[in-house]
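**Student:** could you look at this predicted model? Sequence included:
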Amino acid sequence: MGSYKPVNAVLRGLDVLAAVNKLKGRATIGELYRETGHDKATIVRMLETLIHAGYVRRDDDQGTYEVTGRSLLLCSGYDRHRAVGRTVAPIIAGFRDRVGWPSDVAIFDRDAMVVVETSRVPGRMFVIRDPGFRSPMLGTSLGLAYLAHTTAEERAAVLAQEAATPQPWNEIAQDPPAAEALLADIRARGYATMHAEFSRLEYGRQISTIGVPILVDGRSVAAMNVLYLKSALSEDEAVAAMLAPLQDCAAEVATALAADPG
């Protein structure tokens, strides 16, 4: 318990800054009112203060607000990957104990899914992926599960980026309607699988994965997979045995991240 009561004006200012950041260039006074619930006069005062401090700028042509590069200073001492990893580690360790197969949790970072925690252990069966490993968006179930549950704008940006990267799993990005159909199918069935070429190149076709999104308030914030040996399970058998527990575990991770995002 703190020694002093919170300064409400500071809390309101932080609410407005967080909302401007969330709206990504679409922050009007009306949208900020809907996001924060603060009255419009308060929002205007907070915006003017944040502009004066250099954290927000106004686009006079559009009548919108957006964060500036100075806002990056607010997170320069924060290692999000490590913080998320600490939160999810005991959850996915318990999942491995229950299902008998290891998992990774990853978060999106520009052009890849960065592994933040894994329950793989050293041994002959599985290649160890230390936290920080970058999984390709369209080659892995982590990337596909995450991407399928993002906004249309976010999907389009990632697909455009991947279309310019010469990997076999990125070929579909050159056909946006086909890519959208694939992602819609992933949403409909509730899971993604590893691309066959990624399995061949990385694991000699011995390993595959099932991946699901980690959703907070309906928004994709991370993804989780479960790995299995193709000699032990077919895809249908893996889905039948592990999809429901994997989805339950992803929901548990989402609850933990929402309560303590780091």
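**Tutor:** In hand now; what should we look at?
**Student:** so which elements touch the helix or strand of the chain at the bottom of the mean pLDDT ranking?
**Tutor:** One helix or strand of the chain scores below all others by mean pLDDT, DSSP states H and E: helix 80-99, with a mean of 89. Helix 80-99 is packed against strand 104-109, strand 112-118, strand 219-229, helix 235-259, with contacts defined by 3 or more CB pairs under 8 Å, 6 or more residues apart in numbering; DSSP states H and E. Yep, even glycine has a C-beta here, placed from its N, CA and C like the rest.
**Student:** low-confidence stretches in the stretch 51-200 of the chain?
**Tutor:** For the stretch 51-200 of the chain, applying pLDDT under 70 flags the ranges 75-79, 123-126.
**Student:** helices of that one, residue ranges please.
**Tutor:** Applying DSSP state H, counting those that start in this stretch to the stretch 51-200 of the chain gives helices spanning 80-99, 141-148, 152-163, 176-189, 196-203.
**Student:** deepest-packed of those helices, please.
**Tutor:** Burial of those is given as mean neighbour count (mean count of other CB atoms under 10 Å); helix 141-148 ranks first at a mean of 28.
**Student:** and the contacts of that helix?
**Tutor:** Helix 141-148 is contacted by residues 104, 106, 108, 112-113, 115, 135-138, 154-155, 158, 182-184, 186-187, 191-194, 209-213, 220, 222-225 when judged by CB atoms under 8 Å, 6 or more residues apart in numbering.
**Student:** report the angle between the axes of that helix and strand 104-109?
**Tutor:** 50 degrees (axes from the mean of the first three to the mean of the last three CA atoms, to 10 degrees).
**Student:** related to what we said a few turns ago, right, so of the helices of the stretch 51-200 of the chain, which gets closest to residue 120?
**Tutor:** Closest to residue 120 of the helices of the stretch 51-200 of the chain, according to CB to CB: helix 80-99, at 8.8 Å.
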